[in-house]
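Participant: Model the following, please.
(2 chains)
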Amino acid sequence: MGIIKDAYSLYIRDMLIFKKNWKTSVARSIIFPLTLILLLGNLGTTVNHAPIAVVNLAQNPEAMELISDLNSVSALQIYAMTNQQQAMQMLANGYVISVVVIPQGFSRYGQIYIYTDVSSPIASQEADAAIEQVAAGFGARTSIYNRGVAINTNYVYGAGSNYKSFLIAGIVIMVAAFGSMWSGGFTLITDRQLGNLKAFMATPVHKLSILLGKITYGISQSMINGMLALAIGLLYGGTIASGYAGLVPIIWFAFLSALGFSGVATALGTRINKIEVYSLIGMAITLPLWILSGAFLPTSTLPRFMQPFSTYNPMTYAVNAVRDVMLKGVLPLSTLIYYSALLIGFAAVTIAISLILFKNVNPV
Amino acid sequence: MAEYAIEIDHLTKKFGDFTAVNDISLKIEKGEIFGLLGPNGAGKSTTINMLLGLIEPTSGTIIVEGKDIRKKLNEIKQDIGLVMQETIVEPELTAEQNLRLFGRLYHMSEEEIEKKIPFLLELAGLTEFRHAYAGTFSGGMKRRLETVKSLIHDPKILVLDEPTTGLDIQNRTKVWDLIRKINKEKEVTVLMTTQYLEEADEMCNRIAIIDHGKIVALGTPTELKHKIGKNVVVEVATSRQWLDKVAEILKKITGEKVTTSGDRASIAISGDAVKKTEQIMNELSRNKIPINGISMHEPTLDDVFLKLTGTSLRDTASQEGFASRREMLMRRR
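Facilitator: Predicted coordinates:
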């Protein structure tokens, strides 16, 4: 179809311009996720030092075995004690983040109690996960009592559970989604300002081709940025629990995010004339969406009144999907289809809106 | 076959309360170089935009090569090559890539495009810059590339919106030569807008003078100058406070209508211009009126413009035509 061919010609034009500046573009694409990963990744990452108190009320060989198992986990720093009150005092004072109580008469399949201070959510999650793992290996059942404000659910899973992968999933989607804001929509505005849009519209090409060209360009930029971010993340130490096969769904969801936000970017670009206004509105949309998607903190840590916002946020689903692949290693087909459908629906809506707005685009 | 290249009939464009183009009618003949001369804000660019289908007219018709713009816009676009006021050669693409892009946008086949590229570069004198990035070109080179780019699809009509605004004399001449060559060798009708009277005078077979959206005069440069009706124009430059007195004296001596503009009073006279000028100077010095200069010259288009509109084109011409046009558009919105 002529329209597709013309869209392709315009797409090639944008890509050639990108190619000429590829060094700066790639540098820019790398710096952003790299900075994020280095900064945030080192904040709440695999806890290297989680002090916990173990109250040994049992004083039997099994208890000692459990304690030595706990000791062998390098991330945990064990304070062995016999006085529970003292231990709880330490918890209250913040010296330890968890207290493990091994009750009297403890046996191999007995029960232990964990008291966790969740005001430090990441660290306590990590600590509890580590304790549970040890306890599970030991055969003990655990019962967990929480102190503190936040609601604590969704522990990280499995061996190698780490905040890095958690974060990287969020960054990849963020970069893929918002990459189109800074390419497709942005160049629409600069093209208008420079007179390029007028020049294109003076030729026989259909308006639609111009729009399609920009959307495709936005998606290309997003994917390049997203895959670079993923590569950096993996090099830095993130892991994909399902191995190389996991790359496919990750790329798929990055693509869907790029598609959806390309629509947003071009929709904004058709009507906004000044770059400053576009940047402002772009930021106003992307930042909240990113935070509300649970990209760098779990949605469960958000205040209750914000929860619905994250439910209606398309990014949440993309981030969850990628996160599940990277951390859990498992993404059930039904979830994949459901999330994909949501994201495709979102993309359809945004692209339809930009189509409608573009009909009346002002070339001059 | 259509008689005229372009027929504009009672064309009007209003932006809200503001009438940018006010009931203009023109018939541009095939193969001629036609100029639309007027100051910034006269409505030149708006007319061009309507011709290219970028803006909808409020009323009136435009027929290009026999086709109605409301019905066959895409065909018309194929017939027209546009050189805009803004320089839009993409600096991040090579000369060749720039040409190729537009060849594709005009739905030419790749073979056709490849054949034309060297030809057009040759025409513009840019053959050795084929693979150079347009961002490295000088202003004049960019303009020339711009001009030949508009020809890639062999249009019948070339429309240029202020083609030499902002260029130095040398480059202007080069662009003029290029346009003339294209008009002659390829029999392309040329419609150009300009704010420079010498450009219109030099280049155009016929000129329409436009001011505040209306056509105030139409004809060949010679015809227009004869509208003044007289042989010589005498112009006295003085400071503003003395302008009326000077005008009085001019009128007294010659009996002709005096036009004043800015700091000049001018009058068109027939007969013995030298004697009359002598009389004027005597009278001025008798009345002790200080003047900055006095000149006699054959009528120019500026004089025509001055007579018809009461303002001088020279006073309103600007080097940064593009910048003020943008301002104007912003204000308009």
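
Participant: make it CA atoms for all contacts and neighbour counts henceforth
Facilitator: Noted.

Participant: Skipping its backbone neighbours, what lies nearest residue A:194 in space?
Facilitator: Spatial nearest neighbour of residue A:194, chain neighbours left out: residue B:88 (6.8 Å); criterion: C-alpha to C-alpha, 6 or more residues apart in numbering or on different chains.

Participant: three-state assignment of that neighbour?
Facilitator: The three-state label given to residue B:88 by DSSP: H, G, I helix; E, B strand; the rest coil is coil.

Participant: Could you check how many residues crowd around it?
Facilitator: Residue B:88 has 20 neighbouring residues, counting by other C-alpha atoms under 10 Å in any protein chain shown.

Participant: cool, and residue A:80?
Facilitator: Residues lying near residue A:80 (other C-alpha under 10 Å) number 16.

Participant: what residues are up against it?
Facilitator: By C-alpha atoms under 8 Å, 6 or more residues apart in numbering or on different chains, the contact list for residue A:80 reads A:53, A:54, A:55, A:56.

Participant: Give me every residue in chain B lying close to chain A.
Facilitator: B:52-54, B:74-75, B:77-78, B:82, B:84, B:86-88, B:92-93, B:101, B:104-106 (C-alpha under 8 Å from any C-alpha of the partner chain).

Participant: Tell me, what's the model's pLDDT at residue 275?
Facilitator: Answering for chain A, as no chain was given. Looking at residue A:275, its pLDDT stands at 88.

Participant: Wait, chain B was what I had in mind.
Facilitator: Value for residue B:275, per-residue pLDDT: 80.

Participant: any idea how far residue B:294 is from it?
Facilitator: Separation of residue B:275 from residue B:294 (C-alpha to C-alpha, to the nearest Å): 14 Å.

Participant: how about the residues of the stretch 201-350 of chain A that lie near chain B?
Facilitator: Contact residues, the stretch 201-350 of chain A versus chain B (C-alpha under 8 Å from any C-alpha): A:201, A:202, A:203, A:204, A:205.

Participant: Looking at the residues you listed, which are in helices?
Facilitator: Secondary structure assignment by DSSP state H places residue A:201 of those in helices.

Participant: Return the member of the residues of the stretch 201-350 of chain A next to chain B nearest to residue B:245.
Facilitator: residue A:202 (52.6 Å; C-alpha to C-alpha).

Participant: List the contacts of residue B:57.
Facilitator: Residues in contact with residue B:57 (C-alpha under 8 Å, 6+ apart) are B:11, B:12, B:13, B:50.

Participant: next one: residue B:67
Facilitator: residue B:76 are the contacts of residue B:67 under C-alpha under 8 Å, 6+ apart.

Participant: got the contact list for the residue nearest to residue A:194?
Facilitator: Contact analysis of residue B:88 by C-alpha under 8 Å, 6+ apart lists A:194, A:195, A:196, A:199, B:146.

Participant: distance of the nearest residue to the third one once chain neighbours are set aside from residue A:88?
Facilitator: If I follow you right, that is residue A:196. Once flanking residues are discounted, residue A:196 sits nearest to residue B:88: 6.1 Å by C-alpha to C-alpha, 6+ apart. Using C-alpha to C-alpha, we find residue B:88 at a distance of 73 Å from residue A:88.

Participant: just residue A:36 next, same as before
Facilitator: Taken as C-alpha to C-alpha, the span from residue A:36 to residue A:88 is 37 Å.

Participant: returning to that earlier point: in the contacts of residue A:80, find the pair that's most separated.
Facilitator: A:53 and A:56, at 9.5 Å, using C-alpha to C-alpha across the contacts of residue A:80.

Participant: Inside helices: which ones of the contacts of residue B:88?
Facilitator: Those of the contacts of residue B:88 lying in helices (DSSP H): A:194, A:196, A:199, B:146.

Participant: which one of those residues is nearest residue B:219?
Facilitator: residue B:146 (28.9 Å).

Participant: Tell me, how many residues neighbour the residue of the stretch 101-250 of chain A found nearest chain B?
Facilitator: The stretch 101-250 of chain A approaches chain B most closely through residue A:204 (5.0 Å), counting by C-alpha to the nearest C-alpha. Residue A:204 has 17 neighbours, counted by other C-alpha under 10 Å.

Participant: what helix or strand is the closest residue to it other than its chain neighbours on?
Facilitator: Leaving aside its chain neighbours, residue A:204 sits nearest to residue B:74 (5.0 Å; criterion: C-alpha to C-alpha, 6+ apart). Following DSSP states H and E, one finds residue B:74 within helix B:73-79.

Participant: Give me the average confidence score over that helix.
Facilitator: Mean predicted lDDT for helix B:73-79 stands at 93.

Participant: got the contact list for the next helix-or-strand element following that helix?
Facilitator: Beyond helix B:73-79 on the C-terminal side, the first helix or strand identified by DSSP H and E is strand B:80-83. Under the criterion C-alpha under 8 Å, 6+ apart, residues A:199, A:202, B:146-147, B:150-151, B:153, B:155-161, B:163 lie in contact with strand B:80-83.

Participant: Now flag whichever of the residues you listed is closest to residue A:237.
Facilitator: residue A:199 (48.1 Å).

Participant: mind listing what that closest one touches?
Facilitator: By C-alpha under 8 Å, 6+ apart, the neighbours of residue A:199 are B:82, B:84, B:88.

Participant: Please tell me how far it sits from residue B:250.
Facilitator: From residue A:199 to residue B:250 the distance is 51 Å (C-alpha to C-alpha).

Participant: which residues of the stretch 201-350 of chain A score low on pLDDT?
Facilitator: A:241-242, A:295-302, A:328-330 (pLDDT under 70).

Participant: One more pass at 50, please.
Facilitator: Within the stretch 201-350 of chain A, no range satisfies pLDDT under 50.

Participant: Show me which residues of stretch A:256-275 are buried.
Facilitator: A:256-273, A:275 (16 or more other C-alpha atoms under 10 Å in any protein chain shown).

Participant: In three-state terms, label residue B:191 for me.
Facilitator: Recorded secondary structure, residue B:191: strand (three-state DSSP).

Participant: Now do the contacts for it.
Facilitator: B:33, B:34, B:35, B:36, B:157, B:158, B:159, B:160.

Participant: Any idea what the third one is bridged to?
Facilitator: Yep, that's residue B:35 we're talking about. residue B:192, residue B:207 (DSSP bridges).

Participant: That one reaches residue B:200, doesn't it?
Facilitator: Yes - if you go by C-alpha atoms under 8 Å, residue B:35 and residue B:200 touch, sitting 6.0 Å apart.

Participant: any shared contact partners between the two?
Facilitator: B:194, B:207.

Participant: Looking at the two, which is more packed in?
Facilitator: The neighbour comparison of residue B:35 against residue B:200 (other C-alpha under 10 Å) goes to residue B:35, with 29 against 26.

Participant: Looking at the more buried one now. What's its pLDDT?
Facilitator: Residue-level pLDDT assigned to residue B:35 equals 95.

Participant: Now do it against residue B:43, distance only.
Facilitator: In terms of C-alpha to C-alpha, residue B:35 sits 13 Å off from residue B:43.

Participant: cool, and residue B:138?
Facilitator: Residue B:138 is 29 Å from residue B:43, by C-alpha to C-alpha.

Participant: how about the closest residue to residue A:107 other than its chain neighbours, what does it touch?
Facilitator: Nearest residue to residue A:107 in three dimensions, chain neighbours excluded: residue A:62, at 6.1 Å (C-alpha to C-alpha, 6+ apart). Contacts here follow C-alpha under 8 Å, 6+ apart; on that basis residue A:62 touches A:106, A:107, A:108.
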